[in-house]
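[1] give me coordinates for this.
(chains A and B)
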Amino acid sequence: MSDAAHVLIVEDNELVSSAMRILFESVGHRVSTAATIAEALGVARSDPAALVLLDLTLPDGDGLSLVQPLHAAGCKTVVALTGHDDAETRQRCLDAGCADVMIKPVPARTLVARSMGWLEG
Amino acid sequence: MNRAESATRLPASLDEGHATHPSSDRMAALEAQLNEAIVEIAELRARDALKTQFLANISHDLRTPLTAVITHAEILRDGILGDLSPRQLESVRGIISGGRQLLNQVGEILTYARGAANQLTLVSTRFAIQDVLVQVSALNESLIKKKQLNLTVDANDLPLVLADREKIAHVVGNLFGNAIEFTPPGGRVWLRATRVERDGSASLLVEVGDTGVGIAPEHHDLIFREFAQVDSTPSRPHHGTGLGLTIARKLVELHGGRIWVESELGTGSRFYFTVPFEQPEG
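    Prediction:
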């Protein structure tokens, strides 16, 4: 297991982000949540995250527009979490600079297991 | 367009035998009628497109709360918030299974909406159909065991097929799921793939068969139609969106193939679909 890391969950549905928080805190990480693009940028600039889990549809715009600014703010790895399971969406995420793309709902165990790789990579 | 030209283009049902010497009044009335019909068709198409978009949006929006339900239940199941008693665990597993079932049905509606809006595209790779048949049967292993069905998988020595593996697996999975569902315990189900030649080009022929309840010949076309179930009453014993076979047909046709069924009531069913070994360029 990697050491405690700062994980930022960008997700506008509070029920989903609370589940993510419980999951990542259970394996010892420090978790922040943001429900909008503006909020996510605020968190990232004051406290860059080692891993960002990014929802694509946010109330103030396309989540993918955040990928470059998040990297620029010092966030290391950005992974897209989306409800769209088509090949085009996947490619759009990778083109935007996401390290990986996960289709919701990702099984809890899979998410925790994969996060180890993302935090090391 | 002159009158003579427009007269030849009118549907026979509107023409009523006046094609040779129509009065100009009658022609004008018919033309007006035709134009009205054209406008009406355009409006209906636009409304249909809106409905399809609505289906796609709602399916996507349903996934988010479902994600919350399933993930929170998995957190409980995995003991992250403390150990559960065996009965609590059984109940939580029920929540997860129900959530996943609902998720599959929502996924089906989304695929249907994309197909109806012509938004489905093929991502083709070369693969062995045998691998797909084995994968689909493995996914259904526990159900097959539970119903004590006798399964055979036969797809030896076939060339690789160039197709969208995920979509072909979806079609086989759908047909096989039906075969298992509609076959009483102790029956036989099978997956078979062979090579067929037609008009000089080779196609893959996949057969999904069962010794189940069967389908009356008059229902063979109906089952491939959208939202149609042979028994659509609320008390029907088999549930689902009624879209599975419509989607399967759409995915097969997207590959340039064909899907059909051979069956009679009480004799089981054999569903067949073909996919060309090579997809045409573009």
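[2] from now on I want contacts and neighbour counts done on CA atoms only, so please keep to that.
    Fine.
[3] hey, where'd the helices end up in chain A?
    A:14-26, A:37-46, A:67-72, A:87-96, A:108-120 (DSSP state H).
[4] does the first one reach chain B?
    Yes. Under the criterion of CA under 8 Å from any CA of the partner chain, chain B is reached by helix A:14-26 at A:15-16, A:19, A:22-23, A:26.
[5] tell me the one among those nearest to chain B.
    A:Val16 (4.5 Å; CA to the nearest CA).
[6] what score does the closest one have for pLDDT?
    A:Val16 is assigned a predicted lDDT (pLDDT) of 91.
[7] residues touching B:Ala68, list them.
    Listed by CA atoms under 8 Å, 6 or more residues apart in numbering or on different chains, the contact partners of B:Ala68 are A:15-16, A:19, A:105.
[8] just to revisit the earlier point, in a markdown table, list the helices of chain A along with mean neighbour count and distance to B:Ala32.
    Listed next are the helices of chain A as a markdown table, based on neighbours: other CA atoms under 10 Å in any protein chain shown; distance: least, CA to CA, whole Å:
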| stretch | mean neighbour count | distance to B:Ala32 |
| --- | --- | --- |
| helix A:14-26 | 19 | 56 |
| helix A:37-46 | 17 | 54 |
| helix A:67-72 | 17 | 56 |
| helix A:87-96 | 14 | 44 |
| helix A:108-120 | 14 | 62 |
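[9] for the ones you listed, which one sits closest to B:Leu55?
    helix A:87-96 (18.3 Å; CA to CA).
[10] how about residues contacting the closest one?
    Helix A:87-96 has contacts (CA under 8 Å, 6+ apart) with A:64-65, A:67-68, A:80, A:100-101, B:123.
[11] show me which of these are buried.
    Listed as buried from the contacts of helix A:87-96 are A:64, A:67, A:80, A:100-101; burial here means 16 or more other CA atoms under 10 Å in any protein chain shown.
[12] circling back: now, the most widely separated pair of the residues of helix A:14-26 next to chain B?
    Checking these with CA to CA, the most distant pair is A:Leu15 and A:Ser26, at 16.7 Å.
[13] need phi/psi at the residue nearest the centre of chain B.
    Geometric centre of chain B, nearest residue: B:Ile247, 2.0 Å, by CA atoms, centre = their mean. Backbone torsions of B:Ile247, given as degrees, to the nearest 10, read phi -70, psi -40.
[14] from what I can see it touches B:Tyr112, true?
    Yes. Using CA atoms under 8 Å, B:Ile247 is in contact with B:Tyr112, at 5.8 Å.
[15] which stretches of chain A aren't confidently modelled?
    By pLDDT under 70, the low-scoring segments of chain A are A:1-2, A:121.
[16] for the residue nearest the centre of it, list each beta-bridge partner.
    By CA atoms, centre = their mean, chain A has its centre lying nearest to A:Leu53, at 0.7 Å. Beta-bridge pairing of A:Leu53 under DSSP bridges involves A:Ile9, A:Val79.
[17] ok, it to chain B distance?
    Noted for A:Leu53: a distance of 14 Å to chain B, by CA to the nearest CA, to the nearest Å.
[18] same question, A:Thr110
    11 Å.
[19] who are the contact partners of that residue?
    For A:Thr110, the contact set (CA under 8 Å, 6+ apart) is empty.
[20] could I get the full set of strands for the stretch 151-282 of chain B?
    Secondary structure of the stretch 151-282 of chain B (DSSP state E, counting those that start in this stretch): strands located at B:161-163, B:188-198, B:201-210, B:259-263, B:269-276.
[21] any chance of those in a markdown table, with mean pLDDT too?
    As requested, the strands of the stretch 151-282 of chain B are exported to a markdown table (pLDDT from 0 to 100):
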| stretch | mean pLDDT |
| --- | --- |
| strand B:161-163 | 94 |
| strand B:188-198 | 93 |
| strand B:201-210 | 94 |
| strand B:259-263 | 94 |
| strand B:269-276 | 95 |
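[22] how about those in JSON lines, adding mean neighbour count?
    Conversion of the strands of the stretch 151-282 of chain B to JSON lines gives the following (neighbours: other CA atoms under 10 Å in any protein chain shown):
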{"stretch": "strand B:161-163", "mean neighbour count": "20"}
{"stretch": "strand B:188-198", "mean neighbour count": "18"}
{"stretch": "strand B:201-210", "mean neighbour count": "21"}
{"stretch": "strand B:259-263", "mean neighbour count": "18"}
{"stretch": "strand B:269-276", "mean neighbour count": "22"}
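[23] and chain A, which of its residues are near chain B?
    By CA under 8 Å from any CA, the residues of chain A that approach chain B are A:13, A:15-16, A:19, A:22-23, A:26, A:83-84, A:87, A:104-108.
[24] centre of the chain to the helix or strand containing B:Leu66, how far?
    Using DSSP states H and E, B:Leu66 sits within helix B:24-77. Relative to the mean C-alpha coordinate of its chain, helix B:24-77 is positioned 18 Å out (CA atoms, centre = their mean, to the nearest Å).
[25] same question for stretch B:77-95.
    With CA atoms, centre = their mean, you get 35 Å for stretch B:77-95.
[26] with stretch B:93-108 instead?
    For stretch B:93-108, the distance to the chain centre is 18 Å (CA atoms, centre = their mean).
[27] what residues does that stretch touch?
    With contact meaning CA under 8 Å, 6+ apart, stretch B:93-108 is reached by B:59, B:62-63, B:66, B:69-70, B:73-74, B:77, B:240-241, B:243-244, B:247.
[28] gap between the two ends of stretch B:116-132?
    In stretch B:116-132, first residue to last residue: 26 Å (CA to CA, to the nearest Å).
[29] helices of the stretch 51-200 of chain B, residue ranges please.
    Along the stretch 51-200 of chain B, counting by DSSP state H, counting those that start in this stretch, helices occupy B:86-116, B:129-139, B:141-146, B:165-181.
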